[in-house]
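Undergrad: Here is a sequence together with a model predicted from it:
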Amino acid sequence: MKKSSLHSTAYNASIVTVLSVFERGLGFLYRIVLARLIGAEGLGLYQVALSLFSLFLTIGTGGIPITVSRILTKSKADASPSDGESGVTAGFTLALLLTLPFAVFLFFFGEKLPFLFTDPRAFSPFKILLIGLCFSAFYAVVRGYFWGNKEFLTPSLLELSEEGVMVVCGVLLLQNIPSPSVGAERAAWAVVLSYLFSFTASLLCFFYRGGRLRSPKKMLKPLFNATLPITSVRMSGSLVNSIVAVLLPWMLLKTGITEGEAIAQFGIVSGMVLPILFIPSTLIGSLALVLVPELSEDFYKKNQQRLQANVQRGLRFAFLLSCVLIPFYFALGKPLGMLTFSNQTAGELIANSCLMLLPMSLSMISTSILNSMGFEKKTFCFYFIGAGGMLLSILFLPPILGVSAYLVGMLFSFLLTALCNLFYLHKVCPIFTKGGGQGCVHTLLYPLFFTLPLSFLGKLLHTLFSHFLHAWIALFLTAFLLLSCTLLLYRFGGILPKWKEKQLLFKK
């Protein structure tokens, strides 16, 4: 049974990861096109509008998908399918109640709230995005339905298709842009059209796969109570991002630059640097998506041994992934920023922020693990501890660091959150023990010894190749050789298992 569960987890994680990589890769290419077509200033306006829109989308969805997933898992364990159907219907009802009033009010009266934006030009794309609010909320509930049934292929394909629709619409709409503000508006229309597509396609898949609706009365209150802590945590994240979108340009203005320059710098960080830095979140999110139903089931059934093994696998994967990627970001961040976005500042910020990957990865996976066990209130508190560090950084560091204050603040935030999560996780499910064999967390400290030499090796290789080869060839050749050296060092250092074992990161 353990081997079967292990293979199932690895198989599902592989499928979701591959599709997520394609989706994020498509989104990354779109970011490059977007940055080139509308410029840093247009990208900044779009990101400011998107940050505030994400806040209201989080209010309307937040913890609903994961809670619907858990309700379905519990209903199957209790042999009560009616509770699952009622939970899904309650999810649709709650999503509508939490999005439609905000969408209507802000669409008609949002312009009378000037404090929402540092630059009033950002309201127009925000107003356009509001049209897709309810569509995206309904789609989120359907995702929770599929997760609860351990069907990961369908929602992954839907998300990939949604990204594809946005890219196609964006490329078609963003031709011959007369100004940055018009570019931001058309980019917002591309998002709305993609939401409309995913809403329609997901509902068709829901009913085709046998999805049923039942009176939500029984599960509406339990769903709301269970959703509230998760939504609060995620809403806090969106709220902090919205505050940053207003506060950071304002603090940059106080350093003596113009409003356009401040918006452009925010666009560089939020639209160019962060999408690259958050690439590991694709793989971590895929693993968390697959592990959450397993962890919830083991936790409710008090299967401590398998619960501990799955927790350790998740942390192990996140730790190794960040240690592998840090040298790549350090060595290739600058040329990557120049080649993709034609922006030297973006490349420098990517390279200088490579150490953020480790606390970021551990924070993300540990938060998902604790949420799957029902400790949403704890992760809510821990998130605020980290957010406090970020906001203090943005308030006091821009005169010294400029826009880099945002990235330093994110580093503090992830570090504090990860430490709090891990210490609490150890209390409820001991992970820092030697009894777990090769799956123990303490064995993951070894990759740190290789991170620094690999980083300088990558820097040396790229400097050498860039003198004789085309920029793209030098970048890819450096990446290939650096990956080869990493695998060899990890293999002979005992970090990776033997080649003949198929389960590289999911072995017992």
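TA: Arrived safely, thanks for sending.
Undergrad: So, low pLDDT: which residues of the stretch 301-450 of the chain?
TA: Within the stretch 301-450 of the chain, the stretches with pLDDT under 70 are 301, 432-444.
Undergrad: Quick check: which element contains L325?
TA: helix 304-341 (DSSP states H and E).
Undergrad: Thought S75 was touching G87, still the case?
TA: Yes: in this structure, G87 is within contact of S75 by CB atoms under 8 Å, at 7.0 Å. Quick note: C-beta positions are derived from backbone N, CA and C, even for glycine.
Undergrad: quick one, which of the two is more surrounded?
TA: G87 (30 against 20; other CB atoms under 10 Å).
Undergrad: quick one: the more buried one from G458, how far?
TA: Applying CB to CB, to the nearest Å, the value for G87 to G458 is 49 Å.
Undergrad: where does the residue nearest in space to the middle of the chain land in three-state SS?
TA: Centroid-nearest residue in the chain: S281, 5.0 Å away (criterion: CA atoms, centre = their mean). Using DSSP: H, G, I helix; E, B strand; the rest coil, the structure places S281 in helix.
Undergrad: what's near enough to touch it?
TA: Contacts for S281 (CB atoms under 8 Å, 6 or more residues apart in numbering) come out as 360-361, 364.
Undergrad: Looking at those residues, which is nearest V182?
TA: Each of these was scored against V182 by CB to CB, and M360 proved nearest at 34.3 Å.
Undergrad: Now do the same contact list for that closest one.
TA: Contacts of M360 by CB under 8 Å, 6+ apart are 277-278, 280-281, 322, 410, 414.
Undergrad: repeat that with 6 Å
TA: F414 (CB atoms under 6 Å, 6 or more residues apart in numbering).
Undergrad: can you tell me which helix or strand it belongs to?
TA: Assigned by DSSP H and E, M360 belongs to helix 357-372.
Undergrad: angle of the next helix or strand along the chain from that helix against helix 357-372?
TA: Where DSSP H and E defines the elements, the next helix or strand beyond helix 357-372 is helix 376-396. Per axes from the mean of the first three to the mean of the last three CA atoms, to 10 degrees, the angle that helix 376-396 makes with helix 357-372 is 150 degrees.
Undergrad: Return the list of helices and strands in contact with helix 376-396.
TA: In terms of contacts (3 or more CB pairs under 6 Å, 6 or more residues apart in numbering; DSSP states H and E), helix 376-396 is packed against helix 217-253, helix 357-372, helix 404-428.
Undergrad: what comes up buried for it?
TA: For helix 376-396, burial by neighbour count (16 or more other CB atoms under 10 Å) applies to 376, 378-380, 382-384, 386-387, 389-391, 393-394.
Undergrad: Distance-wise, check G333 relative to I279.
TA: Distance from G333 to I279, by CB to CB: 12 Å.
Undergrad: With T61 instead?
TA: Counting by CB to CB, the gap from T61 to I279 is 23 Å.
Undergrad: Between those two, tell me which one has more neighbours.
TA: T61 (28 against 17).
Undergrad: Pop the domain breakdown of the chain in here.
TA: 12-235, 278-508 (automatic domain parsing).
Undergrad: could I get the ones you listed as JSON lines with distance to G256?
TA: Formatted as JSON lines, those follow (distance: least, CB to CB, whole Å):
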{"stretch": "domain 12-235", "distance to G256": "16"}
{"stretch": "domain 278-508", "distance to G256": "10"}
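Undergrad: Quick one: closest of those domains to M251.
TA: Using CB to CB, those put domain 278-508 closest to M251, at 4.3 Å.
Undergrad: Tell me where the model's unsure across the protein.
TA: Low-confidence segments of the chain, defined by pLDDT under 70: 1-14, 16-17, 77-79, 233, 286-294, 296-298, 300-301, 432-444, 493-494, 496-508.
Undergrad: Check the protein for its longest helix and report it.
TA: helix 2-60 (DSSP state H).
Undergrad: Report all helices and strands that that helix contacts.
TA: Judged by 3+ CB pairs under 6 Å, 6+ apart, helix 2-60 is in contact with helix 81-109, helix 123-130, helix 153-173, helix 180-208, helix 217-253, helix 259-268, helix 280-300.
Undergrad: re the thing from before, adding distance to S136, write the contacts of S281 out as CSV.
TA: What follows is these, written out as CSV (distance: CB to CB, whole Å):
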residue, distance to S136
M360, 25
S361, 26
M364, 21
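Undergrad: Go through the residues you listed and name the one nearest L26.
TA: Of these, the one sitting nearest to L26 (CB to CB) turns out to be M364, at 21.2 Å.
Undergrad: pretty sure that closest one is touching T282, no?
TA: No: counting by CB atoms under 6 Å, M364 stays clear of T282, with 10.7 Å between them.
Undergrad: which one of these two has more residues nearby?
TA: M364 (23 against 19).
Undergrad: what's the neighbour count on the residue lying closest to that one once chain neighbours are set aside?
TA: Excluding the flanking residues, the one nearest M364 by CB to CB, 6 or more residues apart in numbering is I284, at 5.1 Å. Look at I284: counted by other CB under 10 Å, it has 24 neighbours.
Undergrad: i'd like the first residue to be 6 from this point on
TA: Okay, using 6 as the starting number, the last item reads as I289.
Undergrad: what about I289, distance to M365?
TA: 9 Å.
Undergrad: Quick check: the gap between V433 and L99.
TA: 28 Å.
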